[in-house]
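[1] Next one to model:
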Amino acid sequence: MDEIIIECLDFDPEDKDQLKNIYTEVAGRMSFPPALRSRTARQRLLEDCGPNAFLDPAGLRHPVMNPKTCDFDCQLLNKAYYELSTCSRPGSLDLKSKAKSIMEDSNCRVSVQIKLQDDINIELDHLNYILT
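    Numbers count the residues shown, from 1 in each chain. Next comes the predicted model:
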């Protein structure tokens, strides 16, 4: 996932509500594939690929491996990374750091670029920083 394009002709970087809506839309586009949404599918992933398939294997949270290949999946890693950016659970920062480390080791892009207009781009992590 290199770039997400959101057409926002009246973009105003000072409008926090607009920025929240953009963030929500981007997060929605980074949703889990149907193959990983159910608890049964996640348990199967754990059985097939082992505990490294999740950032939090005990809770079956934050899957990061493709269930078909048991290889790290850049899109799942990005989703977990940004989901953890907004999470306030204890240990979230450690899991976010773990996701970033795996992304770097797997040659995944650690950033998601959001193209708002032809001449306006913003990185998702920066958008998250503005909103928190």
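
[2] leaving aside the residues next to it on the chain, what's closest to the spatially most central residue of the chain?
    Using C-alpha atoms, centre = their mean, the residue of the chain that lies closest to the mean C-alpha position is Lys79, 1.6 Å off. Nearest non-adjacent residue to Lys79, counting by C-beta to C-beta, 6 or more residues apart in numbering: Met30, 4.5 Å away. Placement of C-beta: from N, CA and C, glycine included.

[3] And for that neighbour, the neighbour number?
    By other C-beta atoms under 10 Å, 19 other residues sit near Met30.

[4] For whatever helix or strand the residue nearest to the centre of the chain lives in, report the contacting residues that lie outside it.
    Assigned by DSSP states H and E, Lys79 falls within helix 74-85. Residues from elsewhere that reach helix 74-85 (C-beta atoms under 8 Å, 6 or more residues apart in numbering): 1, 27, 30-32, 36, 55, 62-66, 92-93, 95-96, 99-100, 102-103, 106, 108-110, 112, 124-125, 128.

[5] before we move on, what about stretch 121-132?
    Outside stretch 121-132, the residues touching it (C-beta under 8 Å, 6+ apart) are 4, 16, 19-20, 22-23, 26, 82, 85-86, 111-116.
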